[in-house]
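In: Dropping the sequence and predicted coords here.
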Amino acid sequence: MIESVVVTPGWYMTLAAVLFLIGSGGLLLRNNALVMFMSVELMLNAVNLTFVAAARAHGDIGGQMAVLFVLVVAAAEVAVGLAIIVSIFRTRRTASVDELSELSG
Amino acid sequence: MVELVIFVLMGAVTLAGAIGVVRARNPVYGAMGLMATLFALAVFYVVHLAHFVAVVQVIVYAGAVITLFLFVIMFVGVDRAEDLKEKLAVQRPVALIVLVGVVVLAGVLVVTGRFDWVISSGEPPVVRGTIEEIGENLISIGSPSDRQASRWLLPFEATSLLLIVAAVGAIALAFYRPRRKDEPPAGPDTGPGS
């Protein structure tokens, strides 16, 4: 019976959706900038999984190309974002986003 | 059968790592959970015959990005582990409403069949994400009439600009020092090695 179970692209899409949901939950519920950043990485990776699964389902390599570009953008984002976190930490001695409220009116 | 076993095992690792990122009090454990998730996703990429993407995932994400995260965690320090309690009163309820809304929206899309996963037109061609295939798609010029061949060339060149801007921006942020009040206004800011 278990031999007849086929893993369809829908399974991967569902897994990616759950992963995206966990990531967005972490982004919304945590207040440490580093943890929020890692949650964003989770969301990006969930989208990457849908891209790769769709590339196989449609027989189109464009999905894998898109993943490579997402990887490049994510790497650039990590470099700049972590530099911002470090620079904020040097001036404010905190990584909690709740304490950064100068811009709120 | 094999794919089912891989899906169940690696799916469990993926979700456990992701929950670890969100739940861990110590950001180092969160980074470890993120690394587990990234490795499990690399296994999924191999299952999908995206070998090059899987390798890049391990090298760039599990290698470079996690290392960068750990360096910053080391710099920022983990001894003052932040509380999981929330200071903004409305943040938690609003976040839960948003998350439940996303779940409901996805469920509606699936149930109503607006989001079609099933490929109707028979078995799709097998794509193998080998280096040759990826490279051909990235930088092959092709004949001028063949618009498919150079589809990804412009985005590829644009990423080089993006990476340079990101590197310069990160360096500029790293060398930026806020001037203290007791410090005399110094001359032109000199970088390292001067």
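Out: Cool, got the structure.

In: my read: A:Ala16 touches A:Ala54, true?
Out: No - using CB atoms under 8 Å, A:Ala16 is not in contact with A:Ala54, being 10.0 Å away. (Glycine included, C-beta is placed from N, CA and C.)

In: These two: who's more crowded?
Out: Here A:Ala16 and A:Ala54 are compared on neighbour count by other CB atoms under 10 Å in any protein chain shown; more neighbours surround A:Ala16, at 23 against 20.

In: Contacts only, for the more buried one.
Out: By CB atoms under 8 Å, 6 or more residues apart in numbering or on different chains, A:Ala16 lies in contact with A:46-47, A:49-50, A:53.

In: Kindly recompute the last result at 6 Å.
Out: By CB atoms under 6 Å, 6 or more residues apart in numbering or on different chains, A:Ala16 lies in contact with A:46, A:49-50.

In: Can you work out which other helices and strands pack against the helix or strand hosting B:Ala12?
Out: B:Ala12 belongs to helix B:2-23 when assigned by DSSP states H and E. Packing contacts for helix B:2-23, counted by 3 or more CB pairs under 6 Å, 6 or more residues apart in numbering or on different chains; DSSP states H and E, involve helix A:9-29, helix B:27-47.

In: again, only this time at 10 Å
Out: Counting contacts by 3 or more CB pairs under 10 Å, 6 or more residues apart in numbering or on different chains; DSSP states H and E, the secondary-structure elements packed against helix B:2-23 are helix A:9-29, helix A:33-58, helix B:27-47.

In: Give me the buried positions along it.
Out: Buried residues in helix B:2-23, counted by 16 or more other CB atoms under 10 Å in any protein chain shown: B:6-7, B:10-11, B:13-15, B:17-18, B:20-23.

In: what about A:Met43, how many neighbours?
Out: Using other CB under 10 Å: A:Met43 sits among 19 other residues.

In: wait, I meant B:Leu96
Out: Neighbour count for B:Leu96, taken as other CB under 10 Å: 13.

In: ditto for B:Val65
Out: 24.

In: A:Ala75 now?
Out: 19.

In: name the element it belongs to?
Out: In the assignment (DSSP H and E), A:Ala75 maps to helix A:62-92.

In: what angle separates that helix from helix B:27-47?
Out: If you take axes from the mean of the first three to the mean of the last three CA atoms, to 10 degrees, helix A:62-92 sits at 170 degrees to helix B:27-47.

In: buried residues in helix A:62-92?
Out: When burial is assessed from 16+ other CB under 10 Å, helix A:62-92 yields the following buried residues: A:63-69, A:71-72, A:74-83, A:85-89.

In: Can you tell me the closest non-neighbouring residue to B:Leu153?
Out: Nearest non-adjacent residue to B:Leu153, counting by CB to CB, 6 or more residues apart in numbering or on different chains: B:Ile139, 6.2 Å away.

In: And the one you found, how far from chain A?
Out: Distance, B:Ile139 to chain A, by CB to the nearest CB, to the nearest Å: 11 Å.

In: isn't that residue right next to B:Phe156, touching?
Out: Yes - B:Ile139 lies in contact with B:Phe156 (CB atoms under 10 Å); the separation is 6.3 Å.

In: more crowded one of the two?
Out: Each of B:Ile139 and B:Phe156 has its neighbours counted (other CB under 10 Å); B:Phe156 has more, 17 against 13.

In: Just give me the neighbour total for residue 45.
Out: This is for chain A. 27.

In: was after chain B, sorry
Out: Neighbour count for B:Tyr45, taken as other CB under 10 Å: 27.
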